[in-house]
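1. Need coordinates for the following:
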Amino acid sequence: MAADRLEELTVDEDFIAAGGHPPHVHAFHQFLYVPIGRIVVTACDREHELTPSVALWIPAGVWHSARFDSDSLIAVEDFDTGLHALPYTEATVVNATAEQRRLLLARMRSSEVPEDDPAVFAALCSAHRDCLPLPQPTSRAASTVAREPARTPADPRTATEWAEDLYTSSTSLRRAFRTETGLAFSEWRTRLRLNHSLELLGQGHLVSVVAARVGFVSANGYILAFRRHFGETPGAYTKRSTDPYAAVG
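-> The predicted model follows:
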């Protein structure tokens, strides 16, 4: 599609309805973040749910639409394609860090019109690009549980054991994780462990060492989980990450 046609289709404030906006495309890269509430963005027939812990990169030229919750607060950052090389070619969910949240809220509060700042682009691209989306729970018990594995991913406690420690029911705790993150507790913890493992692999640790450090009972179990989520083994991932010309096995 020609650049001038893309410009014509760029969304403006009048185009956005209270509950979202219809399919459209931008001539610029866009970063969407929701510090309050929830929105669902549909791109390439896939739905991406954004919450205060999960943001979305939408590359220029990608058709998308969105649905907003009525109480949502949305932070939007646009970046010129001629100035910034985005590492994604399709709509990509990323984990929003505390630093990114503070940066985006500060820009929202500023009375000045936000500029297309290279430092902001770099900050929003700073997270590990391969990390799995990991929405954070919001209720007291579930968020308490989520904090400890984030510090110590090998923590072996089950949802039942966590519930006992917090004097709540395991059913309520499991339901909170499912409702607030869209993931069962076991899947949420697996994603957290796999995300932690990426940094350890990058540091050159053996697969067996990485598996033990992030809490997998066996290296085999870690390899199977890694392949299921990333589509390749940890060894193949490490080789590809260190040698961009290596064939993925």
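2. drop to CA atoms for contacts and neighbour counts, all remaining ones
-> OK.
3. After the longest helix belonging to the chain, which helix or strand is next? Please name it.
-> Identified as the longest helix of the chain according to DSSP state H is helix 185-202. Using DSSP states H and E, the helix or strand that follows helix 185-202 towards the C-terminus is helix 207-214.
4. And the very next helix or strand once past that next one, what's buried?
-> Moving toward the C-terminus from helix 207-214, the next helix or strand (DSSP H and E) is helix 219-230. Using 16 or more other C-alpha atoms under 10 Å as the burial criterion, the residues of helix 219-230 that qualify are A219, Y222, I223, A225, F226.
5. related to what we said a few turns ago, what's the longest helix of the chain in contact with?
-> 131-134, 149-150, 153-154, 159, 174, 177-178, 207, 210-211, 214-215, 225-226, 234, 238, 241 (C-alpha atoms under 8 Å, 6 or more residues apart in numbering).
6. Same question for stretch 216-229.
-> A154, T190, L194, V207, S208, A211, A212, E232, T233, P234.
7. Let me know the closest of those residues to V120.
-> The shortest gap between V120 and any of these belongs to L194, at 27.3 Å (C-alpha to C-alpha).
8. on that earlier part again, restricting the selection to alpha carbons, write the longest helix of the chain to PDB.
-> Extracted in PDB, the C-alpha atoms of helix 185-202 (Å, rounded to 0.1, in the frame of the first residue of the first chain):
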ATOM      1  CA  PHE A 185      -1.400 -20.700  38.100                       C
ATOM      2  CA  SER A 186       0.800 -23.600  36.800                       C
ATOM      3  CA  GLU A 187       1.000 -22.100  33.300                       C
ATOM      4  CA  TRP A 188       1.700 -18.600  34.700                       C
ATOM      5  CA  ARG A 189       4.600 -20.000  36.800                       C
ATOM      6  CA  THR A 190       5.900 -22.000  33.800                       C
ATOM      7  CA  ARG A 191       6.000 -18.800  31.700                       C
ATOM      8  CA  LEU A 192       7.700 -16.900  34.500                       C
ATOM      9  CA  ARG A 193      10.400 -19.600  34.800                       C
ATOM     10  CA  LEU A 194      10.900 -19.700  31.000                       C
ATOM     11  CA  ASN A 195      11.300 -16.000  30.900                       C
ATOM     12  CA  HIS A 196      13.900 -16.100  33.700                       C
ATOM     13  CA  SER A 197      15.700 -18.900  31.800                       C
ATOM     14  CA  LEU A 198      16.300 -16.700  28.800                       C
ATOM     15  CA  GLU A 199      18.700 -14.500  30.700                       C
ATOM     16  CA  LEU A 200      20.600 -17.500  32.100                       C
ATOM     17  CA  LEU A 201      20.900 -19.100  28.700                       C
ATOM     18  CA  GLY A 202      22.300 -15.800  27.400                       C
END
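9. Numbering from 762 from now on, please.
-> Happy to do that; since the first residue is 762 now, the last one works out to helix 946-963.
10. Report the inter-axis angle for that helix versus helix 980-991.
-> Put simply, helix 946-963 runs at 100 degrees to helix 980-991, going by axes from the mean of the first three to the mean of the last three C-alpha atoms, to 10 degrees.
11. how far is helix 946-963 from where the chain is centred?
-> Centre-to-centre, helix 946-963 and its host chain are 13 Å apart (C-alpha atoms, centre = their mean, to the nearest Å).
12. Just the buried residues of the contacts of helix 946-963.
-> Here, 16+ other C-alpha under 10 Å leaves 892-895, 910, 914-915, 920, 935, 938-939, 968, 971-972, 975-976, 986-987, 995, 999 buried among those.
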